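[1] Next comes the sequence, and after it the predicted model I'd like to discuss.
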Amino acid sequence: MEGFLRIINDLQDVFSTVGVSPDIISLPQIVVVGSQSTGKSSVLESIVQKNFLPRGTGIVTRRPLIIQINQDVTAVEPWGTFLHCPEKKYTDFDKICDEIIRDTDRVCGSDKNINSEPITLKIHSADLPTLTLVDLPGITKNPVGDQPLDIEQQTTALVRKYIENPNCIILAVSPGNIDIANSESIKLAKEVDPEGNRTLAVITKVDLMEKSAENSRVLEGKVIPIKLGIVGVINRTQAQMEDKISIEECLEREAEYFRSHYNYMSTEMGTPYLTQRLCSVLMQHVKQCLPELIIRITEQKVIQQSILDSLGPRIEDESGALADLVMKFCREFRYNMDGRRSVQFGASERALSGGRHLFEVFDSAICQELDKIALPSNIEEDIKHEITSAGGSKPALFTPNIVFDNLASRQLEHFSFPIKKSIKKCSETITEIISILSKKTFERFPVLKRETHQISLGLLLTKTQVVEKFIDSYIQCELCYINTNHRLFTKNRPQLEKACCEADEKNSEEGGDNSGTKKIKALLDLYIHIIRNQLMDVVPKTVNCYMVLQFCDDLHKDLMKTLYSSDRVDDLMKEDMLVEERREKALRMLDALERADAITSLLE
Ligand SMILES: Nc1nc2c(ncn2[C@@H]2O[C@H](COP(=O)(O)OP(=O)(O)OP(=O)(O)O)[C@@H](O)[C@H]2O)c(=O)[nH]1
């Protein structure tokens, strides 16, 4: 049976060093709860049979104190040690008290603030049972002196944090000289343990309790029933300490008091009975908790291992790792563009390949923008004006070709702006793909991520400029040479002309316009339509050629050249501090869990 409790103490050591939170692993322990000055520390000292806890006015216990008692038959005299300085062995319990005060001040400061970081004290004794007890700051109703104004909230929150743990046994301390109905500790215990399966009540200061039938009923558990029992105790008082009355003598006086005042229940009262009761309650509890605890340890091992896997291993060969990452980034980009991989874009719920996104930009941005370009509403005025101008000082018999050339090239100029806009849109889409992939690939390495991102965007800019230049020249060529011999133009022209002539004849009969402007307008429309279709074909092809394929080909070369030539591999491969911290934490946790696993396996 002792073995169970020793295992819990060992596990506590393992987990205290890594600061594991109770949400992850919660170990069975006895937590002493009560209002300020109810006698919590005195109860603990009576159990340990030593004076080692700080005393004073106001809030004395300001940090949780985990007291692990280990039964140690080899201990000639009781001795203690702290987890924060395990090499130091204390046989003088006054020095233990000094160290608790010193370490409390170190963490909480010397004012009256409290802190949830526990102090762990191990006590080895041949005469004490193996137990783990936690002393908590007393619940303080009203701040006194320089205590913080929210002291009640602070102390209650800290107590709650401990007693909410379903693996904790609550030792609810209430003083016998106040009405148990007002007991703060029992009220809190009922809130977190309504069934009362893990609450044991202690009534201190029974010597100050008036001997009455009602008070006897309190001790018998008839006023407020507590499933695990109510134990009355009389602790060693300050006066007895000053009078140097020994602990043994005080225990004898306590036993005598119960014999003389509550004889019929004296065997179930007093500090020795409380210690014995605590051991058996804790033992029962540990036996119940262990199977679940073992499952939690196994689960946590899997969780911590997967955290480690997701963070990746520590980098040994930085240069090699850099080359691998760059290769991976370039490959991911290529696969994304050719449709073998997908990424999640912005808030869109669909994951699409980068290539598909680009296609959607071609389809929507380029085609729709170019489709919007139509002949202006006053084009007939323009045509008339152009015909008149072309005639010069003489009246014109035929409309010269230059009229059509001038009008067509003026309309083609309108393609320039939407095409530039579309190319910009393509560049933005590729930039987004680069950003997503560099974030994903270089997540652990912020410097490398930044540099790679910059180099990639620099290269993309160069390629974008090549495309813009190419398309500019292409439009320039179109403006310089209006090809009225274009196969599609010559094919559709007769039909259009016929329709226009018929319309002109009809107009002429009705006395309307028959100047031929309608025919020129229709031919202009046809020509622009042909060139628009050509551009819809050429722009995506050019973007794909330079901004995708050539970009892919040059990306790896550019990255390797720039990243390696900078002679900053060490700097580039510096990991994000957070990643490093998380890996260290997961490694420490995993180590603790392995040790915990080894400890619990001793039971099997
Ligand atoms: N007469 C009598 N006095 C007691 C008894 N238990 C504790 N006291 C006295 O009550 C006072 C407070 O006791 P502590 O043990 O310091 O109380 P505490 O709950 O630990 O106090 P904080 O940690 O400050 O909240 C001290 O003066 C003790 O000597 C008891 O059973 N009988």
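    Thanks, I have the structure now.
[2] At which residues are the strands of the stretch 351-500 of the chain located?
    351-352 (DSSP state E, counting those that start in this stretch).
[3] Quick one: neighbours of the closest residue to the ligand within it, just the number.
    Closest contact between the stretch 351-500 of the chain and the ligand, by Cβ to the nearest ligand atom, is at residue 444 (47.2 Å). Backbone N, C-alpha and C define where each C-beta goes, glycine included. Residue 444: 20 surrounding residues under other Cβ atoms under 10 Å.
[4] Correct me if wrong: it contacts residue 311.
    Yes - at 7.2 Å, residue 444 counts as touching residue 311 under the criterion of Cβ atoms under 8 Å.
[5] tell me, what's touching these two both at once?
    Taking Cβ atoms under 8 Å, 6 or more residues apart in numbering as the criterion, residue 444 and residue 311 both touch residue 579.
[6] hmm, back to that, residues in contact with the residue of the stretch 351-500 of the chain closest to the ligand?
    Here residue 444 is in contact with 311, 312, 575, 576, 579 (criterion: Cβ under 8 Å, 6+ apart).
[7] please redo it, this time with the cut-off set to 6 Å
    By Cβ atoms under 6 Å, 6 or more residues apart in numbering, the contact list for residue 444 reads 575, 576, 579.
[8] before we move on, what about residue 503?
    Neighbours of residue 503 in contact, by Cβ under 6 Å, 6+ apart: residue 518.
[9] mind checking which helix or strand residue 123 is in?
    strand 119-125 (DSSP states H and E).
[10] strands paired with that strand, and their directions?
    strand 65-71 (parallel), strand 79-82 (antiparallel) (DSSP bridges).
[11] who wins for proximity to the ligand among those strands?
    Taking the strands paired with strand 119-125 one by one with Cβ to the nearest ligand atom, strand 65-71 is closest: 9.8 Å.
[12] Are any of the contacts of residue 444 buried, and if so which?
    For these, a burial check counting by 16 or more other Cβ atoms under 10 Å picks out 575, 576, 579.
[13] The ligand next: which of the residues you listed are close?
    Among the buried ones among the contacts of residue 444, not one lies near the ligand by Cβ under 6 Å from any ligand atom.
[14] Which of the residues in stretch 470-489 are classified as buried?
    Neighbour counts over stretch 470-489 (16+ other Cβ under 10 Å) mark 470, 471, 474, 475, 478, 479, 482, 486, 489 as buried.
[15] Return the set of buried residues in stretch 388-395.
    Quick answer for stretch 388-395 (16+ other Cβ under 10 Å): residue 390.
[16] quick one: it to chain centroid distance?
    Averaging C-alpha positions (Cα atoms, centre = their mean, to the nearest Å) puts stretch 388-395 78 Å from its chain's average.
[17] Dump that stretch to PDB, restricted to CA.
    The C-alpha trace of stretch 388-395 is given here as PDB (Å, rounded to 0.1, in the frame of the first residue of the first chain):
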ATOM      1  CA  THR A 388     -13.400  64.700 -93.800                       C
ATOM      2  CA  SER A 389      -9.800  65.200 -92.500                       C
ATOM      3  CA  ALA A 390      -8.400  62.600 -94.900                       C
ATOM      4  CA  GLY A 391      -9.800  64.400 -97.900                       C
ATOM      5  CA  GLY A 392      -7.700  67.400 -97.100                       C
ATOM      6  CA  SER A 393      -8.500  70.500 -99.200                       C
ATOM      7  CA  LYS A 394     -10.300  68.400-101.900                       C
ATOM      8  CA  PRO A 395     -13.600  66.700-101.700                       C
END
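[18] Could you see whether the ligand lies near the biggest helix by length in the chain?
    In the chain, assigned by DSSP state H, the helix with the most residues is helix 271-311. No - Helix 271-311 lies apart from the ligand when judged by Cβ under 6 Å from any ligand atom; the minimum separation is 9.5 Å.
[19] roughly how far is that helix from the heart of the chain?
    On Cα atoms, centre = their mean, the centre of helix 271-311 falls 26 Å from that of its chain.
[20] cool, stretch 562-579 as well?
    25 Å.
[21] ditto for stretch 41-53
    With Cα atoms, centre = their mean, you get 42 Å for stretch 41-53.
[22] Same question for stretch 325-340.
    On Cα atoms, centre = their mean, the centre of stretch 325-340 falls 28 Å from that of its chain.
[23] Excluding covalently adjacent residues, which one is nearest to residue 490?
    Using Cβ to Cβ, 6 or more residues apart in numbering and skipping residues adjacent in sequence, the residue nearest residue 490 is residue 484, 7.8 Å away.
[24] Kindly apply the preceding question to residue 61 instead.
    In space, residue 61 is closest to residue 137, 4.8 Å off (Cβ to Cβ, 6+ apart).
[25] Quick check: phi and psi at the closest residue to the ligand within the stretch 151-300 of the chain.
    With Cβ to the nearest ligand atom, the shortest gap between the stretch 151-300 of the chain and the ligand falls at residue 235, namely 3.4 Å. Backbone geometry at residue 235, expressed as degrees, to the nearest 10, gives phi -90, psi 170.
[26] quick one, what contacts the residue in the stretch 1-150 of the chain that the ligand sits nearest to?
    Closest approach between the stretch 1-150 of the chain and the ligand, counting by Cβ to the nearest ligand atom: residue 138, at 2.6 Å. Going by Cβ under 6 Å, 6+ apart, residue 138 touches 35, 36.
[27] if I look at it, how far off is residue 554?
    71 Å (Cβ to Cβ, to the nearest Å).
[28] One more: residue 367?
    Remark: distance between residue 367 and residue 554 (Cβ to Cβ) = 28 Å.
[29] picking that back up, tell me the angle the longest helix of the chain makes with strand 65-71.
    110 degrees (axes from the mean of the first three to the mean of the last three Cα atoms, to 10 degrees).
[30] What sits closest to residue 298 if chain neighbours are left out?
    Using Cβ to Cβ, 6+ apart, the closest residue to residue 298 is residue 597 (7.4 Å).
[31] Tell me how many other residues crowd the one you found.
    Other residues close to residue 597 by other Cβ under 10 Å number 15.
[32] ok, now residue 545?
    15.
[33] before we move on, what about residue 372?
    9.
[34] Pull the contacting residues for it.
    By Cβ under 6 Å, 6+ apart, residue 372 lies in contact with nothing.
[35] where's it relative to residue 419, distance?
    12 Å.
[36] Give me every residue in the chain lying close to the ligand.
    34, 36-42, 55, 60-61, 138, 204-205, 207-208, 234-235, 237-238.
[37] So which of the residues you listed sit within strands?
    residue 204 (DSSP state E).
[38] now the residues of the chain next to the ligand: which count as buried?
    Buried among these (16+ other Cβ under 10 Å): 34, 36-42, 60-61, 138, 204-205, 207, 234-235, 237.
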